[in-house]
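Q: Next come a sequence and a model predicted from it.
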Amino acid sequence: MFERFKIVPQLMRTGRLALRLVRDSRTPLAAKLVLGATALYLVSPIDVVPDWFPLVGGVDDLFAVVAGLNLFIKACPRWLVDEHERKLGRQDPATGDDSVIEGRYRRVD
């Protein structure tokens, strides 16, 4: 029943990755400008498809968010994206390992 909404968790993971990347000072300014342009489009009163069209009006905003996030991540250096993906617990591209280590930590002096 909920297979249709698989895009929502993927969009959330991509959003968390983008948030980590935009906060990183090593991310190029050009990539950050792509994300800023996406945000500017969302708050802009100018729309490709007016929002008062039922259903279609909101879809163009969703498309803009998805496209903007993907362009932003592609504009970032691959090594930086891989580093943040590993910190988020995603699959390691070098080893293909997608395991997450759980446990407690303690301070060792």
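A: Done, it's in.

Q: contacts, neighbours, all on C-alpha from now
A: Noted.

Q: Give me the nearest residue to Val66, chain neighbours excluded.
A: Closest residue to Val66 apart from its sequence neighbours, by C-alpha to C-alpha, 6 or more residues apart in numbering: Leu11 at 7.6 Å.

Q: Check what pLDDT the one you found gets.
A: We have a pLDDT of 80 for Leu11.

Q: buried sites along the helix or strand Ala30 falls within?
A: Assigned by DSSP states H and E, Ala30 belongs to helix 29-43. Within helix 29-43, the residues that qualify as buried are 31-32, 34-35, 38, 41-42, counting by 16 or more other C-alpha atoms under 10 Å.

Q: what is the orientation angle of the helix or strand following it with helix 29-43?
A: Counting by DSSP H and E, the next helix or strand C-terminal to helix 29-43 is helix 56-75. Here helix 56-75 runs at an angle of 170 degrees relative to helix 29-43 (axes from the mean of the first three to the mean of the last three C-alpha atoms, to 10 degrees).

Q: Can you show me the CA trace of helix 56-75 as PDB?
A: What follows is helix 56-75 as a C-alpha-only set of coordinates in PDB (Å, rounded to 0.1, in the frame of the first residue of the first chain):
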ATOM      1  CA  VAL A  56      -0.100  20.200 -10.900                       C
ATOM      2  CA  GLY A  57       0.700  23.500  -9.200                       C
ATOM      3  CA  GLY A  58       2.500  21.800  -6.300                       C
ATOM      4  CA  VAL A  59       4.200  19.200  -8.500                       C
ATOM      5  CA  ASP A  60       6.400  21.800 -10.100                       C
ATOM      6  CA  ASP A  61       7.700  22.900  -6.700                       C
ATOM      7  CA  LEU A  62       8.400  19.300  -5.800                       C
ATOM      8  CA  PHE A  63      10.200  18.800  -9.100                       C
ATOM      9  CA  ALA A  64      12.300  22.000  -8.400                       C
ATOM     10  CA  VAL A  65      13.300  20.700  -5.000                       C
ATOM     11  CA  VAL A  66      14.300  17.300  -6.300                       C
ATOM     12  CA  ALA A  67      16.200  18.800  -9.200                       C
ATOM     13  CA  GLY A  68      17.900  21.400  -7.100                       C
ATOM     14  CA  LEU A  69      19.100  18.900  -4.500                       C
ATOM     15  CA  ASN A  70      20.400  16.600  -7.200                       C
ATOM     16  CA  LEU A  71      22.200  19.400  -9.000                       C
ATOM     17  CA  PHE A  72      23.700  20.600  -5.600                       C
ATOM     18  CA  ILE A  73      25.000  17.200  -4.800                       C
ATOM     19  CA  LYS A  74      26.500  16.700  -8.300                       C
ATOM     20  CA  ALA A  75      28.200  20.100  -8.000                       C
END
